[in-house]
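[1] what shape does this take:
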Amino acid sequence: MSAARAIAGVVTALYLAAEGFSGLELGVLFVVVTLVSAALSTGIGLVSDRVGRKPFMVVVPLLAAASAAVYSEVRVPAVLFVCAAAGSFGRGAGAGGGSVGPYQPAESAFVAERVTVGSRSAAFGRLAFASSAGALAGGLLAGLSRASPHISAEAATAAYRPAFLAAAALAALAGLLAIALREPRHQPRHRTGASQPDPAAAGAGGPRRRPTRLRWPRRSWPALWRFWVANGVNGLAIGMIGPFMSYWLSRRYDVGPAPIGLLFALINLGSLASTLAAAGVGRRMGTVRTIAVVRAIGGVLLVPMVLAPSFWLAGAIYFVRMLAQRVGLPLRQSFVQDLAHPDERASMAALSNVPAQATMAGSQVLAGYLFDEVSLAAPFELAAVFQCLNAVLYAVLFAWMPPRPVAAQGDALTSPTPGAPSPGEGVSLDAEPDDA
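    So this is what the prediction gives:
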């Protein structure tokens with residue numbers, strides 16, 4: 001799935017620009033994608049806590065595959081809008097790995113339930129490693145688009161068709177592979193009169209009680225509102241960077257999809273090491289401190305990147321920036337799961353990003369306007385400010401979170417125990433909409 005999303009991350013904006021979309025029109029399309037993806041991910045997060053994770057990890061990739069297949073043949077703007085929304089095209093840059101999609105809350109909860117609390121950061125690090133490896137391949141496959149920066153609209157469909165067909169095939173394969181995943185059986189939680197499963201069995205991988213109806217994650221609320229504030233500010237930065245990265249590189253340096261895809265592949269190659277190192281860095285520095293530092297680095301490096309006089313110099317700065325950003329991704333994913341009640345993991349992963357989806361939508365339109373009417377650098381300079389502000393907010397909001405004990409059996413939460421290590425100190429480590 002990461003390879004498929006990396007291809008889409010490189011070629012979608014370039015293809016639509018070749019079809020005549022202006023920067024503002026691209027911004028509007030990305031807003032539609034963001035809003036639909038937000039609705040889907042929120043619904044999946046809430047429903048998967050009730051019915052299970054696996055169905056969404058099968059269906060959503062197949063939907064993306066169908067959308068990519070349509071993109072390879074159809075030029076009607078309305079159809080392109082609908083399929084971009086259905087396939088979540090435009091979410092995440094090709095250099096940001098591929099762990100982006102409406103099924104992500106279900107995926108995070110699935111992983112969290114299959115590993116012990118102490119191993120969670122390492123598990124998410126390996127998942128990010130696989131994501132980077134897939135995105136590396138996807139970046140190279142984006143070069144299947146034999147398109148020049150000034151290709152005509154009539155020739156664009158044929159030039160970009162091989163890349164979209166490759167994305168369709170990979171997404172379909174991802175959905176089919178997910179069929180083989182085995183999810184533990186969960187016993188429904190009845191309000192009265194039902195026998196309760198043995199807590200030790202739940203800790204050993206046995207059945208866990210699952211709510212029989214949708215519930216607001218009230219037990220996770222103390223952490224949820226903090227994620228809302230922090231992620232809402234970060235969404236402003238993500239909306240101006242993620243979906244427009246390949247578009248900005250093409251317009252700024254007059255290059256086509258092949259060199260952009262190669263650059264993204266090299267970045268994902270470098271990210272393989274940083275994702276595996278994330279858990280160790282988090283243990284040494286503390287989870288919250290690490291997340292804040294890498295976000296500050298990401299914000300600061302945007303400024304020299306947009307001022308770079310050549311494509312490969314800008315690419316080198318972007319390379320360093322993404323190495324830092326990829327350290328934070330598995331830590332944020334694990335951190336959300338650690339602060340969520342076990343019955344509310346997918347809901348927490350989905351709802352923690354709702355404000356970010358809203359702010360992303362607004363900043364995408366603003367970025368499109370700024371590209372057309374102000375300058376190519378303006379959206380990225382604003383994004384730098386927002387991402388540095390987000391780093392400060394993350395440190396302030398989560399540095400004093402109360403300690404969370406690790407239950408002797410399973411993940412069941414109990415009241416805080418004085419003296420227990422804090423998640424901010426890295427004992428056990430936000431799944432974001434995009435790794436911008």
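[2] what does the helix or strand where Q364 lies rub up against?
    Secondary structure from DSSP states H and E places Q364 in helix 354-373. Outside helix 354-373, the residues that touch it by Cβ atoms under 8 Å, 6 or more residues apart in numbering are 22-28, 30-31, 34-35, 37-38, 41-42, 228-229, 231-240, 243-244, 247-248, 251, 378-379, 382-383, 386, 432-434. The C-beta positions use only the backbone N, C-alpha and C, and glycine is treated the same way.
[3] please check these and keep the buried ones.
    Buried members of the contacts of helix 354-373, scored by 16 or more other Cβ atoms under 10 Å, are 23-28, 30-31, 34, 37-38, 41-42, 228, 231-240, 243-244, 247-248, 251, 378-379, 382-383, 386, 432-434.
[4] re the thing from before, out of the contacts of helix 354-373, which are inside helices?
    With helices taken from DSSP state H, the overlap with the contacts of helix 354-373 comprises 23-28, 30-31, 34-35, 37-38, 41-42, 228-229, 231-240, 247-248, 251, 378-379, 382-383, 386.
[5] in the chain, which spans are strands?
    For the chain, the strands defined by DSSP state E occupy 186-189, 208-211.
[6] which of those strands has the lowest mean pLDDT?
    Mean pLDDT is lowest for strand 186-189 among these, at a mean of 48.
[7] now do the helices in the stretch 201-350 of the chain.
    Using DSSP state H, counting those that start in this stretch, the helices of the stretch 201-350 of the chain run over 221-241, 245-253, 257-285, 287-307, 311-339, 345-351.
[8] and R182, which of those is closest to it?
    When the helices of the stretch 201-350 of the chain are ranked by distance to R182, counting by Cβ to Cβ, first place goes to helix 345-351 at 17.6 Å.
[9] need the contact partners of that closest one.
    Contacts of helix 345-351 (Cβ under 8 Å, 6+ apart): 41-46, 48-49, 53, 104-106, 108-109, 112-113, 215-217, 220, 223-224, 333, 336-337, 339-341, 431.
[10] average pLDDT across it?
    72.
[11] gap between that helix and the chain center?
    In terms of Cα atoms, centre = their mean, to the nearest Å, the centre of helix 345-351 is set 13 Å apart from its chain centre.
[12] what do you get for stretch 325-332?
    In terms of Cα atoms, centre = their mean, the centre of stretch 325-332 is set 11 Å apart from its chain centre.
[13] now do stretch 249-258
    24 Å.
[14] just the endpoints, please. Distance across it?
    One end of stretch 249-258 sits 12 Å from the other (Cα to Cα, to the nearest Å).
[15] what comes up buried for that stretch?
    Result for stretch 249-258 [16+ other Cβ under 10 Å]: buried residues L249, S250, R251, Y253, V255, G256, P257, A258.
[16] what separation do you get for L80 and A346?
    30 Å (Cβ to Cβ, to the nearest Å).
[17] comparing these two, which residue is more hemmed in?
    A346 (32 against 21; other Cβ atoms under 10 Å).
[18] now the more buried one. Nearest residue, chain neighbours left out?
    Spatial nearest neighbour of A346, chain neighbours left out: A109 (3.9 Å); criterion: Cβ to Cβ, 6 or more residues apart in numbering.
[19] so who does the one you found touch?
    Per Cβ under 8 Å, 6+ apart, neighbours of A109: S48, D49, R53, Q337, R345, A346, A349.
[20] reformat the helices of the stretch 201-350 of the chain as a markdown table; add distance to V392.
    Listed next are these as a markdown table, based on distance: least, Cβ to Cβ, whole Å:
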| stretch | distance to V392 |
| --- | --- |
| helix 221-241 | 9 |
| helix 245-253 | 24 |
| helix 257-285 | 16 |
| helix 287-307 | 7 |
| helix 311-339 | 15 |
| helix 345-351 | 23 |
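[21] quick one: contacts of stretch 259-269?
    By Cβ under 8 Å, 6+ apart, stretch 259-269 touches 6, 9-10, 14, 93-95, 97, 132-133, 135-143, 145, 246, 249-250, 311-312, 315, 318-319, 322-323.
[22] what residues of the helix holding Q364 count as buried?
    Those would be 354-361, 363-371, for helix 354-373 by 16+ other Cβ under 10 Å.
[23] tell me the average confidence for it?
    The average pLDDT within helix 354-373 is 88.
[24] in stretch 256-276, what's buried?
    256-272, 274-276.
[25] do stretch 118-135 as well
    Result for stretch 118-135 [16+ other Cβ under 10 Å]: buried residues 120-135.
[26] any idea which of the residues you listed the model trusts least?
    Lowest in pLDDT among the buried residues of stretch 118-135 is S121, which has 74.
[27] hmm, it is touching A277, no?
    No. The pair S121 and A277 fails to qualify as a contact (Cβ atoms under 8 Å) at a distance of 11.0 Å.
[28] tell me the contacts of the closest residue to F124 other than its chain neighbours?
    Leaving aside its chain neighbours, F124 sits nearest to P330 (3.7 Å; criterion: Cβ to Cβ, 6+ apart). Counting by Cβ under 8 Å, 6+ apart, P330 makes contact with S121, F124, G125, L127, A128, T275, A278, A279, L429.
[29] just give me the closest of the residues you listed to G286.
    Out of the contacts of P330, the member with the shortest distance to G286 (by Cβ to Cβ) is L429, at 10.1 Å.
[30] any idea how far L46 is from A346?
    From L46 to A346 the distance is 7 Å (Cβ to Cβ).
[31] same deal with F56?
    9 Å.
[32] overlap in contacts, the two.
    Joint contacts of F56 and A346 (Cβ under 8 Å, 6+ apart) are I44, S48, A106.
[33] ranking helices and strands of the protein by mean pLDDT, which lands last?
    helix 199-203 (a mean of 40; mean pLDDT, DSSP states H and E).
[34] that older thread, from the buried residues of stretch 249-258, which is closest to A171?
    Distances from A171 to the buried residues of stretch 249-258, taken by Cβ to Cβ, are shortest for P257, at 18.4 Å.
[35] pretty sure P162 sits against A142.
    No. At 9.9 Å, P162 does not count as touching A142 under the criterion of Cβ under 8 Å.
[36] which one's more surrounded, these two?
    Per other Cβ under 10 Å, whichever of P162 and A142 has more neighbours is A142, with 31 against 18.
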